[in-house]
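show me the folded form of this:
(one chain, ligands or ions: 1)
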Amino acid sequence: MHTYSLSLLLLALPAAAVEIEQRVDALLQRMTLGEKLGQMSQSNALRGGISPEVKAEIRKGRWGSFLNAGSFEDRAEAQRIALKESRLGIPLIFGRDVIHGYRTVFPIPLGQSASWDPELVAQAARIAARETAAMGIQWTFAPMLDIARDPRWGRIAESLGEDPYLASLLGAAMVRGFQGASLDAPDSIAACAKHYVGYGAAEGGRDYNTTWIPEAELRNVYLRSFQAARAAGVATFMSAFNNLNGIPTSGNVFTLRQVLRKEWGFDGFVVSDWNSVTQMIAHGYAGDAAEAAFKALRAGVDMEMNSTSYYDQLKSEVEAGKVDLKLIDEAVRNILRVKMRLGLFDKPVPTAPDNAAMFTAEGREVAKRLATESTVLLKNENRTLPLSKSIGKVAVIGPLADSPVDQMGCWVRDADPSEVRTPLAALKETLGAARVVYAPGLKVSRDVSRAGFAAALEAARAADAVLLFLGEEQSLSGEAHSRAFLDLPGAQEALVEEVARAGKPMVAVILAGRPLTFQKVTERAGAVLFAWHPGSMGGPALADLLFGDAVPSGKLTASFPRTVGQTPVYYNHMSTGRPPVPSDLGIKMGMPKDPAQDTAKYIDVDYTPEYPFGFGLSYTTFEYSNLRLSSPTAPMGGTLTVSAEVANSGAVEAEEIVQLYTRQLAASVTRPVRELKGYRRVRIKPGQKQTVEFTLRTADLAFYNERGQLVTEPGAFQVWVAPNSARGLRGEFRVTE
Ligand code: GLC
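All right, here's what the predicted structure looks like:
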């Protein structure tokens, strides 16, 4: 950048930012090429402890960052060497996957998203930041912002669901929580918007698989949550593994330079995902490590995670005149800028872990609230729930009732399983141990042995009610754990059939990292709660819900298919030219073939999901009525008020997440049959009602057209105020020029 324009730029910046730019410039000018490439390199080498070789490398300026870096003491020693014994004293930045908690574990992100509660999600991230910073780690590889429409993909567990509007709100809340009021505060850590971008669209739901996403879809669906994180001030991004339209995302100039830097003005740094730079060789996008390094650098990946092509290859490439030193200087500038914003050059290095910050009562309370709000009630026939505390005896069946590691879910690295409150322990605390009979029936969720069935049936026969804890063990979800089937693993269904022979009322609680298919269980159980992997306080949260000390309010953020054959199934889909119609429901193979029935349906299963996006029941019932629009038209640039009355027609006070959806009936590119545009959480007493009002701006209806322009187009719209994406009160309006 020309000095003149740089000084102009500096004039436009606030004083603190000017000071940082000047410090970065001054430091950059003193750095050797080797030291620059060192800053661009992140190592995993502290994982097993700090060796003399690594100490020497740090002294030489070989590394700018470590991830998964061993013990507190190792990190403190590494930082001391970097600050005191390296030539320029540039601090290291330590990164860690703090995806849903460090020591206090919150529900998996897919679970948290079912709370629809950005403030609570932000509080959880704040607590995670406090615990992480207390251990001398300054950076988390979160939030994961990939839109996920395919439950076969193991990483749906880490996502915030299928809707870009909600994922944007919650992702930005996580960024605010992690980074706090100021990035250089002692309990703030840098967040990382990942995996940039489109990773969740992996073909077949198979992890790391190819993604084909047209630009309009990329902008309207997959980029939005990342744009929201950028707007929230996220300090870093992580490029992804996937091949996006033929160009791997870790070498993709369009997404990393055109969108992220030019359009969004992002000035933090981009770290690659693990070896995703050199994996461009396997992709067939680079012939060797030198070409991979060049293409990643050219695209705008500033720091290489774990693989070493930057350090190994770029020095000679620069000296051979094949790589412009300016590209390297820009990358180092971005890294140094974030390290200075974090205060790493100025903050004292922690000399001891702050254990007082760990697993606090406040953190446990937030974890319990979030687990409670994340749990979704899918069925409650004849008021099976809530149970009475004077119920007598309960039989607790299923290995997930007492499995701390499974309950915490994927990506938990620093928690202590002995601190986890399991459902079994919480039920014993609620009812007294004498009234709780535990018979797991299976050793783990994948167990196919029926050796434990007899004891389970006996426990059921001796009880007044049966609580089934079913689902997926933790190791079945997360990275590289895609499944081709969505059934309950192992012999869990057979266990339910066996226990059903006792003829007692049954409640199923499902702990899992993804939407599953479990119709047989639903048929057998009077009630079904879906609790995801609920984290450290899942037990007390579920005990409160089961006995009515809390009322379920969670709403699904990922559609649940009837069968894996339906995937991907999501609510904000396009109409097609032959949309299925309600009369297509219930058709099974063998029915007379009527050409009028040639629609986009299946002939062997209903085309609708088992449970739609936004679905969740309560212990009360809510009635929606009296939809009103302030006008039948909204002038371009204007607003429209949409309201409806929501009444609590049941017997308990409860919260309802009232949702606002719109549809544009015709546009320059096809638009989804529904799109979430807003929601309100309302708390209503029995017999009361509330008018819930939304203000809709025509700008809220904007979308990216096929030329990549953000436009609102005039025309006819539908609008719903709804309890979920499949129902609601519908109105019509027009946007006029
Ligand atoms: C992994 C994941 C990424 C994680 C990184 C560091 O492969 O894709 O989400 O942050 O490596 O552990």
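
so which residue is dead centre in the protein?
Taking Cα atoms, centre = their mean as the criterion, Ser159 is the residue nearest the geometric centre of the chain, at 2.6 Å.

OK, contacts around that one?
Applying Cβ atoms under 8 Å, 6 or more residues apart in numbering, we find Ser159 in contact with Pro109, Leu110, Ser113, Met144, Leu145, Asp146, Ile147, Ala148, Ala167, Gly200, Ala558. Any C-beta I mention is one placed from the backbone N, CA and C, and that applies to glycine too.

give the buried subset of the residues you listed as a PyMOL selection command.
Only the buried entries of those go into this PyMOL selection, using 16 or more other Cβ atoms under 10 Å:
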select buried, resi 109+110+113+144+145+146+147+148+167+200+558
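
between the contacts of Ser159, which is nearest Thr360?
Closest approach to Thr360 among the contacts of Ser159 (Cβ to Cβ): Pro109, at 21.6 Å.

on that earlier part again, ok, and the closest non-adjacent residue to the residue nearest to the centre of the chain?
Distance criterion Cβ to Cβ, 6 or more residues apart in numbering; nearest residue to Ser159, sequence neighbours excluded, is Ala148 at 3.9 Å.

please tell me how far the one you found sits from Ile99.
Using Cβ to Cβ, to the nearest Å, Ala148 is found at 14 Å from Ile99.

give me the residue from the stretch 301-450 of the chain nearest the ligand.
Met305 (6.5 Å; Cβ to the nearest ligand atom).

now do the chain
For the chain, Cβ to the nearest ligand atom, closest residue to the ligand: Phe141, 3.4 Å.

my guess is that residue meets Phe94, correct?
No - look at Phe141 against Phe94 with Cβ atoms under 8 Å: they stay out of range, at 11.5 Å.

which neighbours do those two have in common?
Residues touching both Phe141 and Phe94 by Cβ under 8 Å, 6+ apart: Leu67.

quick one: name whatever helix or strand follows the worst-scoring helix or strand of the chain on mean pLDDT.
Lowest by mean pLDDT, DSSP states H and E among the helices and strands of the chain is helix 3-12, with a mean of 58. As assigned by DSSP states H and E, the chain's next helix or strand after helix 3-12 is helix 15-30.

just checking, next helix/strand downstream of that following helix?
Sequence order places helix 33-39 as the next helix or strand after helix 15-30, per DSSP H and E.

which one is Met640 nearest to, not counting chain neighbours?
In this structure residue 640 is Leu, not Met. Excluding its sequence neighbours, the residue lying closest to Leu640 (Cβ to Cβ, 6+ apart) is Ala634, at 4.2 Å.

buried residues of the helix or strand containing that neighbour, list them for me.
Element membership for Ala634, per DSSP H and E: strand 633-635. By neighbour count with 16+ other Cβ under 10 Å, strand 633-635 contains the buried residues Ala634.

and the closest residue in space to Arg341 that isn't next to it in sequence, helix, strand or coil?
Sequence neighbours aside, Leu183 is the residue nearest to Arg341 in space, at 4.8 Å (criterion: Cβ to Cβ, 6+ apart). Secondary structure for Leu183, judged by DSSP: H, G, I helix; E, B strand; the rest coil, is coil.

give me the phi and psi angles of Leu183.
Backbone torsions of Leu183, given as degrees, to the nearest 10, read phi -60, psi -30.

can you pull the residues of the stretch 351-500 of the chain lying near the ligand?
Glu479 (Cβ under 6 Å from any ligand atom).

just the helices in the stretch 351-500 of the chain please.
Assigned by DSSP state H, counting those that start in this stretch, the stretch 351-500 of the chain shows helices spanning 361-374, 404-408, 423-431, 453-461, 492-500.

tabulate these (JSON lines), appending mean neighbour count and mean pLDDT.
Shown next, in JSON lines, are the helices of the stretch 351-500 of the chain (neighbours: other Cβ atoms under 10 Å; pLDDT from 0 to 100):
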{"stretch": "helix 361-374", "mean neighbour count": "23", "mean pLDDT": "98"}
{"stretch": "helix 404-408", "mean neighbour count": "24", "mean pLDDT": "98"}
{"stretch": "helix 423-431", "mean neighbour count": "21", "mean pLDDT": "98"}
{"stretch": "helix 453-461", "mean neighbour count": "19", "mean pLDDT": "98"}
{"stretch": "helix 492-500", "mean neighbour count": "22", "mean pLDDT": "98"}
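
element containing Arg663, please.
For Arg663, the host element (DSSP H and E) is strand 654-664.

can you check Glu645 too?
strand 639-648.

in that strand, what's buried?
Leu640, Val642, Ser643, Ala644, Glu645, Val646, Ala647, Asn648.

and stretch 236-250, by the same measure?
Going by neighbour count (16+ other Cβ under 10 Å), the buried part of stretch 236-250 is 236-245, 247-250.

now the two most distant members of the residues you listed.
In terms of Cβ to Cβ, the buried residues of stretch 236-250 reach their longest pairwise distance at Thr236 and Asn245, which sit 24.1 Å apart.

so which bits of the stretch 51-200 of the chain are right by the ligand?
Residues of the stretch 51-200 of the chain found near the ligand (Cβ under 6 Å from any ligand atom) are Leu67, Asp97, Phe141, Lys194.

can I assume Arg683 sits in a strand?
Yes - assessed by three-state DSSP, Arg683 belongs to a strand.

so what's it up against?
Arg683 makes contacts with Glu653, Ala654, Glu655, as judged by Cβ under 8 Å, 6+ apart.

alright, calling it a day.
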